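Asks: Quick one, what's the 3D model for this:
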Amino acid sequence: MHTTQKENTAVRPQRRGQDVSCPRCSSAMVETDRIVENGFAYIWYECSEVDCTEQWLAKRPAMAG
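Replies: Okay, here's the model as predicted:
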């Protein structure tokens, strides 16, 4: 039997300039994947802290050009 925990969706990563910090441990999050589709960039971040497994998907308008 698998148990699924509901993630707290009200907590978002904090942005400092272009850096994104982890909402769980405040360490830097690093971009691990990026897909551009239908005018939007979907950016996948993972926490850089070894013991933290936080991940985040951001949707942003794609840059023209």
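
Asks: beta partners for the residue nearest to Cys22 when sequence neighbours are not counted?
Replies: Leaving aside its chain neighbours, Cys22 sits nearest to Cys47 (4.3 Å; criterion: C-beta to C-beta, 6 or more residues apart in numbering). Where you see a C-beta, it was placed from the backbone N, CA and C, and this is true even at glycine. Using DSSP bridges, the bridge partners assigned to Cys47 are Met29.

Asks: burial measure for Arg34, as a count.
Replies: Counted with other C-beta atoms under 10 Å, the neighbours of Arg34 add up to 12.

Asks: Surely it is in contact with Tyr45?
Replies: No. Look at Arg34 against Tyr45 with C-beta atoms under 8 Å: they stay out of range, at 10.1 Å.

Asks: so who does the residue nearest to Cys22 touch?
Replies: By C-beta atoms under 8 Å, 6 or more residues apart in numbering, Cys47 lies in contact with 22, 24-25, 27-30, 53-55.

Asks: now it: how far from Val36?
Replies: 24 Å (C-beta to C-beta, to the nearest Å).

Asks: swap in Glu46?
Replies: Taking C-beta to C-beta, one finds Glu46 at 19 Å from Val36.

Asks: Tell me which helix or strand comes right after the helix or strand of the chain with the lowest mean pLDDT.
Replies: The weakest-scoring helix or strand in the chain, judged by mean pLDDT, DSSP states H and E, is strand 14-16 (a mean of 55). Per DSSP states H and E, the first helix or strand lying C-terminal to strand 14-16 is strand 19-21.

Asks: For the contacts of Cys47, which entry has the maximal number of neighbours?
Replies: Neighbour-wise, these (other C-beta under 10 Å) top out at Met29, 27 neighbours.

Asks: Show the end-to-end separation of stretch 42-57, please.
Replies: Using C-alpha to C-alpha, to the nearest Å, the end-to-end distance of stretch 42-57 comes to 7 Å.

Asks: Could you list which residues are in contact with Glu54?
Replies: Neighbouring residues of Glu54 by C-beta under 8 Å, 6+ apart: 22-25, 29, 46-47.

Asks: can you redo those residues as CSV with pLDDT and distance to Arg60?
Replies: Output for those, formatted as CSV (pLDDT from 0 to 100; distance: C-beta to C-beta, whole Å):
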residue, pLDDT, distance to Arg60
Cys22, 91, 18
Pro23, 89, 17
Arg24, 92, 22
Cys25, 92, 23
Met29, 93, 14
Glu46, 95, 17
Cys47, 94, 19
